[in-house]
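Enquirer: missing the sequence, but the structure's below:
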């Protein structure tokens, strides 16, 4: 049986930031969900800073896809080569390389190369791959440019925090409450509407209308990856105007008396909308406080309702 045909693409961008800063953003795959819009979740499965096996969950043409890749990292040459070890149809094979070249003006040029093949050279499958690679490559390079050029403001613009509740129940019970987000409009007063799509078990797309204390309603869209009974990670793919990115995680850790449920958030503030949304005198610090209050309030409300649900079932 003949091997499918290999196809090649190249996407490039110039960045007004040092090559080493740009390389570091590409090398740290765990930061990709905040950096790259298509990436929902990323983990290092094994390896070190020279070679590693990673697993990615990302949006491709409106679907959540997952695959495992091997990466070879060369900080001196500023290259990161990658090759999928486990692909999902219609992809038969996928690989490529990030190349960062230092420019005389102190900036850098980034080239993103891909080679890929479709299962059985299927034309529809090939078209699907071409569209996904082109859309995601353009989005990733644009996001990389923004992040690298704003790297000096990262500590100011990015906020991470968590809230926890101890529950006299099992991890499975509390996990089920968070997993069944389609029931949230019935269970959570601040959720007025939620649409959930889960064509592959554990990979969810959701659209949610959240009601604020002042009565305004905000619509968000998220992709979620569910690890049964242990954690649910998510990425908001449509965020409120005060943010440029929002990722999060629900974890369920058994304790001697039940389970500790924790909600974690990482948010990147949009500095260009702060004054429009919070007033002419508002600062990024004000936006950080507002985001912390709003998300923390909703998360704790959800966790406390999960506690009531689990403990009342036991009672």
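Expert: Structure's in. What do you need? On a predicted model such as this, the values are computed, not experimentally measured, just so you know.

Enquirer: Could I get the full set of helices for the stretch 151-300 of the chain?
Expert: Secondary structure of the stretch 151-300 of the chain (DSSP state H, counting those that start in this stretch): helices at 154-157, 171-179, 184-187, 274-278, 284-314.

Enquirer: Which of those helices sits closest to residue 231?
Expert: Nearest of the helices of the stretch 151-300 of the chain to residue 231, taken as CB to CB: helix 171-179 at 8.2 Å. C-beta here means a position set from N, CA and C on the backbone, and glycine is covered the same way.

Enquirer: And the closest one, what's buried?
Expert: By neighbour count on 16 or more other CB atoms under 10 Å, the buried set for helix 171-179 is 171, 173, 174, 175, 176, 177, 178, 179.

Enquirer: and the nearest residue to residue 98 once chain neighbours are set aside, what are its bridge partners?
Expert: Nearest non-adjacent residue to residue 98, counting by CB to CB, 6 or more residues apart in numbering: residue 80, 4.3 Å away. Residue 80 forms beta bridges with residue 73, residue 98, as assigned by DSSP bridges.

Enquirer: So what's the residue count around residue 80?
Expert: For residue 80, the neighbour count with other CB atoms under 10 Å is 21.

Enquirer: for residue 239, same thing?
Expert: 18.

Enquirer: Same question for residue 225.
Expert: Residue 225 has 19 neighbouring residues, counting by other CB under 10 Å.

Enquirer: quick one: which of the buried residues of helix 171-179 is nearest residue 156?
Expert: Comparing the buried residues of helix 171-179 against residue 156 with CB to CB places residue 178 closest, at 31.0 Å.

Enquirer: Let me see the contact set for the closest residue to residue 239 other than its chain neighbours.
Expert: In space, and not counting its chain neighbours, residue 239 is closest to residue 246: 5.1 Å by CB to CB, 6+ apart. Contact partners of residue 246, counting by CB atoms under 8 Å, 6 or more residues apart in numbering, are 235, 236, 239, 265, 266, 267, 268, 295.

Enquirer: Kindly recompute the last result at 7 Å.
Expert: By CB atoms under 7 Å, 6 or more residues apart in numbering, the contact list for residue 246 reads 236, 239, 265, 267.

Enquirer: taking the residues you listed as a set, which two sit the farthest apart in space?
Expert: 239 and 265 (11.7 Å).

Enquirer: Tell me where the model's unsure across the stretch 1-150 of the chain.
Expert: Counting by pLDDT under 70, the stretch 1-150 of the chain shows low-confidence ranges at 1.

Enquirer: Now do the helices in it.
Expert: Remark: helices assigned in the stretch 1-150 of the chain by DSSP H, counting those that start in this stretch are 19-27, 32-35, 123-149.

Enquirer: Tell me, how many residues neighbour residue 61?
Expert: Neighbours of residue 61 (other CB under 10 Å): 13.

Enquirer: That one touches residue 129, doesn't it?
Expert: No. In this structure residue 61 lies outside contact range of residue 129 using CB atoms under 7 Å: 9.3 Å.

Enquirer: Show the contacting residues for the closest residue to residue 150 other than its chain neighbours.
Expert: Computed as CB to CB, 6+ apart, the closest residue to residue 150 that is not its neighbour in sequence is residue 157, at 7.1 Å. Counting by CB under 7 Å, 6+ apart, residue 157 touches 268, 269, 271, 284.

Enquirer: Kindly report the same for residue 66.
Expert: 55, 56, 57, 88.

Enquirer: of these, buried ones?
Expert: The neighbour count (16+ other CB under 10 Å) marks 55, 56, 57 as buried among these.

Enquirer: Can you lay out the helices of the stretch 1-150 of the chain as CSV showing distance to residue 303 and mean neighbour count?
Expert: CSV is the format used below for the helices of the stretch 1-150 of the chain (distance: least, CB to CB, whole Å; neighbours: other CB atoms under 10 Å):
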stretch, distance to residue 303, mean neighbour count
helix 19-27, 32, 20
helix 32-35, 22, 22
helix 123-149, 31, 18
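
Enquirer: So which of those helices is nearest residue 92?
Expert: The closest of the helices of the stretch 1-150 of the chain to residue 92 is helix 123-149. By CB to CB, the value is 8.3 Å.

Enquirer: tell me the angle of that closest one relative to helix 19-27?
Expert: Helix 123-149 and helix 19-27 meet at an angle of 140 degrees, taking axes from the mean of the first three to the mean of the last three CA atoms, to 10 degrees as the criterion.

Enquirer: Residue 53 against residue 45, yeah?
Expert: Yes. Assessed by CB under 7 Å, residue 53 is found in contact with residue 45 at 4.4 Å.

Enquirer: and for the two, which residues touch both?
Expert: In contact with both residue 53 and residue 45: residue 68, using CB under 7 Å, 6+ apart.

Enquirer: Pick out whichever of those two has more residues nearby.
Expert: Comparing residue 53 with residue 45 by other CB under 10 Å, the one with more neighbours is residue 53, at 15 against 12.
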